[in-house]
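Asker: sequence and predicted structure are below.
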Amino acid sequence: SGIISNSAMMTAILSFSVAILTSILTLLFTGKNIRDPLVIILNTIESIRQGNLSKVRMLNRDDEWGAIENALNTMASDLSNTYSALQESEEKFRLIADQSSMGITIIQNNLTKYVNSASSDILKYSAGQISEWHIEDYEMLIHPTEELNFADEVRKIQNGSSPATWHHEWRIKTLQGKSKWIECLAKSIRFEGGNAVLVTFIDIDARKQAEQEIRKLNQELELRVEQRTFELSKSERKLQSLLHTIQAGIVVYSTDMAIIDINTAAQNIFGLKKNQLSENIMINPAWALTNQNGQLLEPDNYPPSIVKHTKKPLKDHVIGIKKPGQNEPVWVLINSDPQFDESGNLTEIIISSMDISDLKNAQNQLKEKERQLLQVQKMEAIGTLAGGIAHDFNNILASIMGFTELALDDVKDGSIIHENLQEVVVASNR
């Protein structure tokens, strides 16, 4: 369109130049001796003005007339080349416009001056119908839900009363009554020597539908995230409440052995406070840890340190906690699990602990009862053995007494043998 406008402008300038040149030549050359070449020159100028850019006359003169003739021929040749280039460019423009997937129309003086085939595909009206449209006819494209005055916007651009470019996305209503989204760009141009508006249409219906689906999915996702966040928050509150309610102590350590979190039971078991969360500590510094044999433990042998070094769970590990002023330690059952990230790096250590002092005391009492029971069982065994021995001995004594009494009947009273046998009978009766 710009090329066509330049061509029209050049024609206007050429006509103006011809008129001035004609007037000057008429005033300067009124004699008969110059009338014939003047007529030839004027005819040549008129021929050029009418678009005949070939070399129409040859004066074959070396004077001023010949110079004028050469100038005119040179001008005609240059104009011919320019027009050829303009025609070629215009042909390329029309070819590109006709093959473009973008709808292109040119509106000038409220009338449609050009429309390509893509406009028909997008607007769903034939190119013949669109080419006959007045600017007001474009209004029937506007969907009832759109607040838009297309005709006014285009007029403002053409008249220069608004910015030279107007961009808008809006819904149209096709000839078949269907709605679709288009992107419209209107721009001021020069066309055939006058102001015009180049209007382009792009079908963005698929994009709008995709955007609508994305918005819908985003809304659903946001709702799910909100619900999930609420559920997680609720679950976290329950978990925190559970952690601070259960009797088992829970301590979460970082890899540098600093306390990340601790529940109430663990604070009571290890003598720690909430404000010691960031400290590298497992137990009240005034207290001490021992093994089951009562030997004091070094920090490297504390349960979190063992798990950190081995990177393996610690199960049913028993330690004693000695507190100042208490003779007996508090016995604690420890279980610990290391936590790893996706790369296998240790991230946290979770320690669960339970005061098993009552269980430990009960076990000690049970061992004492078992010792006492074993002693009783030993005494019973000895008694049973003694009873058996006594019974057997009584049987032997009974035999001795019986045979002794029989022997007394066979010896004379008062004899030494009778007295000895009588002593046996007395001893047996004891």
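Answerer: Good, I have the coordinates. Residues are numbered from 1 along each chain as shown.

Asker: let me see the ranges of the strands in the stretch 301-430 of the chain.
Answerer: With DSSP state E, counting those that start in this stretch as the criterion, the stretch 301-430 of the chain has strands at 314-322, 330-340, 346-355.

Asker: in CSV, list these along with distance to residue 133, mean pLDDT and mean neighbour count.
Answerer: In short, each C-beta sits where N, CA and C put it, glycine included. Formatted as CSV, these follow (distance: least, Cβ to Cβ, whole Å; pLDDT from 0 to 100; neighbours: other Cβ atoms under 10 Å):
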stretch, distance to residue 133, mean pLDDT, mean neighbour count
strand 314-322, 85, 89, 16
strand 330-340, 71, 91, 18
strand 346-355, 70, 90, 18
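
Asker: save these as JSON lines, and put in distance to residue 429 too.
Answerer: What follows is these, written out as JSON lines (distance: least, Cβ to Cβ, whole Å):
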{"stretch": "strand 314-322", "distance to residue 429": "64"}
{"stretch": "strand 330-340", "distance to residue 429": "63"}
{"stretch": "strand 346-355", "distance to residue 429": "67"}
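
Asker: nearest to residue 369, of these?
Answerer: Residue 369 sits nearest to strand 330-340 of all the strands of the stretch 301-430 of the chain, at 19.0 Å, using Cβ to Cβ.

Asker: which residues does the closest one contact?
Answerer: By Cβ atoms under 8 Å, 6 or more residues apart in numbering, the residues outside strand 330-340 that reach it are 269, 303-304, 306-308, 311-323, 346-357, 359-360.

Asker: for the stretch 101-250 of the chain, just list every one of the strands.
Answerer: Going by DSSP E, counting those that start in this stretch, the stretch 101-250 of the chain shows strands at 103-108, 111-115, 165-173, 179-191, 194-203, 249-254.

Asker: for the fifth one, which strands pair with it and how are they oriented?
Answerer: Strands that pair with strand 194-203, judged by DSSP bridges, come out as strand 103-108 (antiparallel), strand 179-191 (antiparallel).

Asker: who touches the shortest one?
Answerer: Applying Cβ under 8 Å, 6+ apart, the external contacts of strand 103-108 come out as 1, 97, 112-116, 118-123, 130, 135, 154, 158, 182, 189, 191-192, 194-203.

Asker: relative to strand 111-115, how tilted is it?
Answerer: 150 degrees (axes from the mean of the first three to the mean of the last three Cα atoms, to 10 degrees).

Asker: how far does strand 103-108 sit from its chain's centre?
Answerer: Relative to its chain's centre, strand 103-108 lies at 44 Å (Cα atoms, centre = their mean, to the nearest Å).

Asker: hmm, back to that, out of the strands of the stretch 301-430 of the chain, flag the one nearest residue 289.
Answerer: Taking Cβ to Cβ, strand 314-322 is the member of the strands of the stretch 301-430 of the chain nearest to residue 289, at 5.3 Å.

Asker: using CSV, write out the CA atom coordinates for that closest one.
Answerer: Extracted in CSV, the C-alpha atoms of strand 314-322 (Å, rounded to 0.1, in the frame of the first residue of the first chain):
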residue,chain,number,x,y,z
LEU,A,314,19.3,-47.7,66.1
LYS,A,315,16.8,-50.0,67.7
ASP,A,316,15.9,-50.7,71.4
HIS,A,317,19.1,-49.0,72.7
VAL,A,318,19.0,-48.5,76.5
ILE,A,319,20.8,-45.7,78.2
GLY,A,320,20.8,-44.4,81.8
ILE,A,321,20.4,-40.7,82.7
LYS,A,322,22.1,-39.7,86.0
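
Asker: what angle separates it from strand 330-340?
Answerer: Going by the same axes, to 10 degrees, strand 314-322 makes 140 degrees with strand 330-340.

Asker: strand 314-322 pairs with which strands, parallel or anti?
Answerer: strand 288-290 (antiparallel), strand 330-340 (antiparallel).

Asker: please identify which of the ones you listed is closest to residue 258.
Answerer: strand 330-340 (14.6 Å).

Asker: the closest one to strand 346-355, inter-axis angle?
Answerer: Interaxial angle, strand 330-340 versus strand 346-355 (the same axes, to 10 degrees): 160 degrees.

Asker: chain center to strand 330-340: distance?
Answerer: On Cα atoms, centre = their mean, the centre of strand 330-340 falls 35 Å from that of its chain.

Asker: helix or strand for residue 292, which one?
Answerer: According to DSSP states H and E, residue 292 maps onto no helix or strand at all.

Asker: residues in contact with it?
Answerer: Residue 292 touches 318-320, counting by Cβ under 8 Å, 6+ apart.

Asker: switch the cut-off to 7 Å
Answerer: By Cβ atoms under 7 Å, 6 or more residues apart in numbering, the contact list for residue 292 reads 318, 320.

Asker: got it, and residue 163?
Answerer: Counting by Cβ under 7 Å, 6+ apart, residue 163 has no contacts.

Asker: just put the strands paired with strand 314-322 in CSV and tack on distance to residue 229.
Answerer: Compiled in CSV, these are given as follows (distance: least, Cβ to Cβ, whole Å):
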stretch, distance to residue 229
strand 288-290, 41
strand 330-340, 23
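
Asker: out of those, which gets nearest to residue 226?
Answerer: Nearest to residue 226 among the strands paired with strand 314-322 is strand 330-340; the distance by Cβ to Cβ comes to 28.1 Å.

Asker: can you map out the helices along the chain?
Answerer: Using DSSP state H, the helices of the chain run over 2-28, 35-49, 64-99, 117-123, 127-131, 150-159, 205-243, 264-270, 303-310, 357-409, 416-429.

Asker: elements contacting the fourth one?
Answerer: This means helix 117-123. The contact analysis (3 or more Cβ pairs under 7 Å, 6 or more residues apart in numbering; DSSP states H and E) places helix 117-123 against strand 103-108, helix 127-131, strand 194-203.

Asker: how about these in TSV, adding distance to residue 422?
Answerer: Putting the helices and strands packed on helix 117-123 into TSV (distance: least, Cβ to Cβ, whole Å) gives the following:
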stretch	distance to residue 422
strand 103-108	153
helix 127-131	160
strand 194-203	145
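
Asker: now render those as a markdown table, adding mean neighbour count.
Answerer: Formatted as a markdown table, these follow (neighbours: other Cβ atoms under 10 Å):
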| stretch | mean neighbour count |
| --- | --- |
| strand 103-108 | 22 |
| helix 127-131 | 15 |
| strand 194-203 | 20 |
